[in-house]
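Undergrad: I need the structure of the sequence given here:
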Amino acid sequence: MWNNVLLLLKYYVMSVGFYLISGILIDAAAEPPSIVTEYQLKAVYLFNFTKFIKWPATAFANDDSPYSICILGEDPFQEKLDLAVKNETVHKRSVTIQRLKTGQTAKIKFCHVLFISRSEQKQLDNILAQLHQAPILTVSDMDDFISQGGMIGFYLLKNTKVRFSIDPQTLSETGLVASAQLLQIANITRR
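TA: As a prediction, the model looks like this:
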């Protein structure tokens, strides 16, 4: 059943845009988990970040290179992220998913969006140090992720609504630029 819900979410996102749908997605998070789960919403957000963040041209090997969304560590999304990006393109680029196990940090340099799982909390400083000034959007739902050097941190408002904080300065230090639409719906945070 949730496959149909996720497909419906994708349809809305494509038809009315991230800015307008974000309110719908956030309100949908308050529904019972059988309708929309936390990680279904986060999967849709991860996909949509590719639409509202601008990467420097040097972040892609060529004009046909896909956006690569990577999960480092334990995968809380399972197939939800695969369904969110299935048959999708962003700016004429396909979107791929890579799952990286703990310790596979050498492969991080091929990611555009890197979701760092809670299982990597002990290695977070080392992971972020490896990414210093690389045009890789770092995202997590760890507590205090942004204050530790991450770019976008998911959090739950009143334990029901998925929200995110963003640090525009950390993005700009790596050559990434967040759209005004994304910044309007985010909680702006500084390290």
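Undergrad: quick one: the helices in this structure?
TA: Under the criterion DSSP state H, the chain contains helices at 2-28, 38-52, 79-85, 124-130, 168-173, 180-185.
Undergrad: can you give me every residue that contacts the closest residue to residue 170 other than its chain neighbours?
TA: Excluding the flanking residues, the one nearest residue 170 by C-beta to C-beta, 6 or more residues apart in numbering is residue 151, at 5.0 Å. (Glycine included, C-beta is placed from N, CA and C.) In this structure, residue 151 makes contact with 137-139, 166-167, 170-171, 174, 176, judged by C-beta atoms under 8 Å, 6 or more residues apart in numbering.
Undergrad: residue 186 against residue 167, yeah?
TA: No - with contacts defined as C-beta atoms under 8 Å, residue 186 does not count as touching residue 167, sitting 9.5 Å away.
Undergrad: quick one: common contacting residues for the two?
TA: Common neighbours of residue 186 and residue 167, counting by C-beta under 8 Å, 6+ apart, are residue 152.
Undergrad: okay, those two: which has more neighbours?
TA: For residue 186 and residue 167, the more surrounded residue by other C-beta atoms under 10 Å is residue 167, and the numbers stand at 23 against 19.
Undergrad: show me what contacts the more buried one?
TA: Residue 167 makes contact with 146, 150-152, 188-191, according to C-beta under 8 Å, 6+ apart.
Undergrad: picking that back up, scan the contacts of residue 151 and report the most crowded one.
TA: residue 138 (29 neighbours).
Undergrad: that's all I had, so thanks and see you.
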